[in-house]
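Engineer: Here is the input, now give the coordinates:
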Amino acid sequence: QVQLTESGGGSVQPGGSLRLSCTLSGRNYDGAVAGWFRQAPGKEREFVATIRWIGARTRYAGSVNGRFAISKDNAKKTIYLQMDSLKSEDTGVYYCVVGSYMVESPDRYDMWGQGIQVTVSS
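Structural biologist: Coordinates of the predicted model:
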């Protein structure tokens with residue numbers, strides 16, 4: 001069983017920064033990509049960013065492009081989401097995901113972490 005463990009969430013003022021981490025543990029997983037989704041209260045889950053384990057190709061949602069950066073450490077089986085210039089609309093539960101394709105549909109990702117809260121408020 002593969003497990004995804006997120007960390008790094010919390011509360012920050014608008015304009016601030018946070019860095020999320022997600023580590024894979026358990027049996028070997030051969031999915032090609034990992035990424036992040038988020039869900040704000042009363043809204044559907046929303047694609048944030050994804051990255052390929054092999055190479056450095058990334059994909060971002062338009063709402064975060066230029067403010068967020070996804071990265072990885074293959075040796076540690078860990079991905080990161082550096083979030084800068086945070087806005088109140090970035091508030092939500094952030095989920096780490098793994099899958100086979102760099103797509104924005106949540107249904108195409110095989111496994112999800114439990115989620116971690118990010119709150120941007122003054």
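
Engineer: alpha carbons only for contacts and neighbour counts from here, please
Structural biologist: Will do.

Engineer: Same question for stretch 68-79: list its buried residues.
Structural biologist: When burial is assessed from 16 or more other CA atoms under 10 Å, stretch 68-79 yields the following buried residues: Phe68, Ala69, Ile70, Ser71, Lys72, Thr78, Ile79.

Engineer: Would you mind measuring from the closest residue to the fifth one other than its chain neighbours to Lys87?
Structural biologist: Which is Lys72. Excluding the flanking residues, the one nearest Lys72 by CA to CA, 6 or more residues apart in numbering is Ile79, at 4.2 Å. Distance, Ile79 to Lys87, using CA to CA, to the nearest Å: 22 Å.

Engineer: if I pick the closest residue to Phe68 other than its chain neighbours, what's in contact with it?
Structural biologist: Leaving out its chain neighbours, the residue that sits closest to Phe68 by CA to CA, 6+ apart is Met83, at 4.5 Å. Met83 makes contact with Ser17, Leu18, Arg19, Leu20, Arg67, Phe68, Ala69, according to CA atoms under 8 Å, 6 or more residues apart in numbering.

Engineer: I'd like the average pLDDT over stretch 38-53.
Structural biologist: For stretch 38-53, mean pLDDT rounds to 96.

Engineer: How about exporting it as PDB, limited to the C-alpha atoms?
Structural biologist: These are the backbone C-alpha positions of stretch 38-53, laid out as PDB (Å, rounded to 0.1, in the frame of the first residue of the first chain):
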ATOM      1  CA  ARG A  38      -6.900  21.900  -3.500                       C
ATOM      2  CA  GLN A  39     -10.500  22.300  -2.300                       C
ATOM      3  CA  ALA A  40     -12.000  25.500  -0.900                       C
ATOM      4  CA  PRO A  41     -15.100  25.300   1.300                       C
ATOM      5  CA  GLY A  42     -18.200  24.700  -0.700                       C
ATOM      6  CA  LYS A  43     -16.200  24.200  -3.900                       C
ATOM      7  CA  GLU A  44     -15.000  21.300  -6.000                       C
ATOM      8  CA  ARG A  45     -11.500  20.000  -6.000                       C
ATOM      9  CA  GLU A  46      -9.300  22.100  -8.200                       C
ATOM     10  CA  PHE A  47      -6.100  21.200 -10.000                       C
ATOM     11  CA  VAL A  48      -3.000  23.200  -8.800                       C
ATOM     12  CA  ALA A  49       0.200  21.700 -10.300                       C
ATOM     13  CA  THR A  50       1.800  18.500 -11.500                       C
ATOM     14  CA  ILE A  51       5.300  17.300 -12.200                       C
ATOM     15  CA  ARG A  52       6.900  14.200 -13.800                       C
ATOM     16  CA  TRP A  53       9.100  12.000 -11.700                       C
END
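
Engineer: That's all I had, so thanks and see you.
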